[in-house]
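Peer 1: have a look at this prediction, sequence included:
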Amino acid sequence: MSTDNILYLTPRDPQQRLNLSQQIEPLLQQLQLISTPLLFRGQSHYRPGEKLFDHLTFLGCSPVVALGELGATGEEFCHIELQSSAQLAFIGGQNVKPLRCRECQHATAAWRPFIEQWQHSPLDSRWYCEQCHQPHDLLTTPWRKSAAFGHSFVKIWGVFESEAIPSPQLMEQLGQVTATPWHHFYFRGDNDQGVYTHC
């Protein structure tokens, strides 16, 4: 099983559906965040543009970001993918933080059963605190930048958790072109196993 590290950008409203090829791709080309296409694991991705570092703020003293080509620097290199899902999708990997009850603050680490329940009953997105049994909505639960629901995603591969954050200007421009605010989160795990949709 591969371990992929991805910085995700997505609308804050999980029900927001976007035409990525018409709304997002031209903007990212204009901002020089993406450049030429490349094929990665059978899917169309983009090489990073010349102004990648203008739009991402890397934290720490010595961030490690590989900008080489597939095969030259392994699979852990920086590139960008635009991903859309007709069905509402939950994205979560090995780094998903425990769910925390807003009433009693009890932490629940076992999030997968709640997601599996939602997969089988998509109209029921509730989860219940193990301690006080207070109901919560999965779609409005703060996943603390470790997971999210959505239809439309900009995926920046090769960025480790909390290694970089998108610039306020990038998020503002994404919000302006789509008329909806955006946020970001981090994924660590097998990309092919980290997308959950309705059964």
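Peer 2: Good, I have the coordinates.
Peer 1: paired strands for whichever strand or helix holds H184, with orientation please.
Peer 2: For H184, the element it lies in under DSSP states H and E is strand 182-189. Paired neighbours of strand 182-189 in the sheet (DSSP bridges): strand 4-11 (antiparallel).
Peer 1: return the set of buried residues in whatever helix or strand comes next after the strand it pairs with.
Peer 2: Next helix or strand after strand 4-11 toward the C-terminus (DSSP H and E): helix 25-30. For helix 25-30, the neighbour count (16 or more other C-beta atoms under 10 Å) marks E25, L27, L28 as buried. For every residue, glycine as well, the C-beta is placed using N, CA and C.
Peer 1: which elements pack onto the helix or strand following the strand holding H184?
Peer 2: Heading C-terminal from strand 182-189, the first helix or strand you meet, by DSSP H and E, is strand 195-196. Applying 3 or more C-beta pairs under 8 Å, 6 or more residues apart in numbering; DSSP states H and E, we find strand 195-196 packed against strand 79-92, helix 112-120.
Peer 1: mean confidence for the first one?
Peer 2: It refers to strand 79-92. For strand 79-92, mean pLDDT rounds to 96.
Peer 1: again, but for stretch 185-196
Peer 2: pLDDT averaged over stretch 185-196 gives 93.
Peer 1: again, but for stretch 108-123
Peer 2: The pLDDT scores in stretch 108-123 average 95.
Peer 1: what do you get for stretch 137-144?
Peer 2: On average, stretch 137-144 scores 96.
Peer 1: F185 bridge partners, please.
Peer 2: Going by DSSP bridges, F185 forms beta bridges with Y8.
Peer 1: what sits against it?
Peer 2: Y8, T10, I91, W143, K145, S146, A147, A148 (C-beta atoms under 8 Å, 6 or more residues apart in numbering).
Peer 1: repeat that with 7 Å
Peer 2: With contact taken as C-beta atoms under 7 Å, 6 or more residues apart in numbering, F185 is in contact with Y8, W143, K145, S146, A147, A148.
Peer 1: could I get the contacting residues of the fourth one?
Peer 2: In other words, S146. By C-beta under 7 Å, 6+ apart, S146 lies in contact with N95, V96, K97, F185, Y186.
Peer 1: tell me how far it lies from E116.
Peer 2: Distance, S146 to E116, by C-beta to C-beta, to the nearest Å: 18 Å.
Peer 1: I am finished for the moment; much appreciated.
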